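# show me the folded form of this:
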Amino acid sequence: MIIKLNNEEKKITGKPFKKAEVKEMVKAYRRTIVDPKKEFKFAHFTVKEVLQLCIENNVLPESVLKLLKTPSVGSEYGVKIYMGKHVSENTCPTNRVPDYLGLNTAILCNTEVIKFKHYLDMLDDDKSISIPLVPDPGDAIDQATICPPDCPEETYPDPKDGYDLGA
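You can find the predicted model right below:
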């Protein structure tokens with residue numbers, strides 16, 4: 001589901017929410033962790049790594065790497081993936097509150113990678129969190145399709161080994 005939540009010109013169907021609500025979603029998920037030393041806090045990929053994955057699988061041409069911007073010397077951009085929990089109606093997809101409230105979700109946000117080892121979130125306190133068609137600086141992505149409740153009716157196993165990672 002791709003919608004722009006914080007742009008009045010685009011006939012939004014979602015509800016905008018702020019960085020503080022994202023933090024609360026992440027905290028709510030982390031409260032469910034049994035052993036914080038062993039559990040997932042976040043995952044991070046550089047933009048180049050994500051694009052390289054698409055290039056290796058023939059989704060994008062290699063020439064796309066030439067479009068990458070570098071914020072400064074010794075840094076690059078990335079994507080941080082947090083786990084969160086829908087703890088308020090405001091963070092659930094419109095008209096799907098009962099289906100999503102209380103469930104875990106993934107939250108993606110852009111990062112600036114400083115000195116190739118510090119992942120600085122680019123979430124902006126003054127902007128709404130959204131699923132942008134064209135991401136603006138300070139936006140993040142939430143309200144991903146999660147399973148459950150939105151599981152495909154069928155799985156599509158890999159013909160080589162019959163196993164579907166999504167199942």
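
# flag the shaky bits of this structure, pLDDT-wise.
1-17, 124-148, 150-167 (pLDDT under 70).

# repeat the analysis, applying 80 as the threshold.
Scanning the chain for pLDDT under 80 picks out 1-18, 73-74, 93-95, 115-117, 122-167.

# list the buried residues for the longest helix seen in it?
Assignment by DSSP state H gives helix 19-30 as the longest helix of the chain. If you call a residue buried by 16 or more other C-beta atoms under 10 Å, then helix 19-30 has these buried ones: K19, E21, V22, E24, M25, V26, A28, Y29, R30. To be clear about C-beta, it is placed using only N, CA and C from the backbone, and glycine gets the same treatment.

# how about stretch 75-93?
Here stretch 75-93 shows 75-80, 82-87, 91-93 as buried, counting by 16+ other C-beta under 10 Å.

# return the subset of the residues you listed lying in helices.
Counting by DSSP H, the buried residues of stretch 75-93 contribute nothing to helices.

# out of these, which are inside strands?
S75, E76, Y77, G78, V79, K80, Y82, M83, G84, K85 (DSSP state E).

# next, find the distance separating the second one from K18.
Applying C-beta to C-beta, to the nearest Å, the value for E76 to K18 is 27 Å.

# returning to what we had before: include distance to I114 when you put the ones in strands among the buried residues of stretch 75-93 into JSON lines, please.
Converted to JSON lines, those look like this (distance: C-beta to C-beta, whole Å):
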{"residue": "S75", "distance to I114": "5"}
{"residue": "E76", "distance to I114": "9"}
{"residue": "Y77", "distance to I114": "11"}
{"residue": "G78", "distance to I114": "10"}
{"residue": "V79", "distance to I114": "15"}
{"residue": "K80", "distance to I114": "13"}
{"residue": "Y82", "distance to I114": "19"}
{"residue": "M83", "distance to I114": "23"}
{"residue": "G84", "distance to I114": "24"}
{"residue": "K85", "distance to I114": "29"}
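
# sweet, I'm off.
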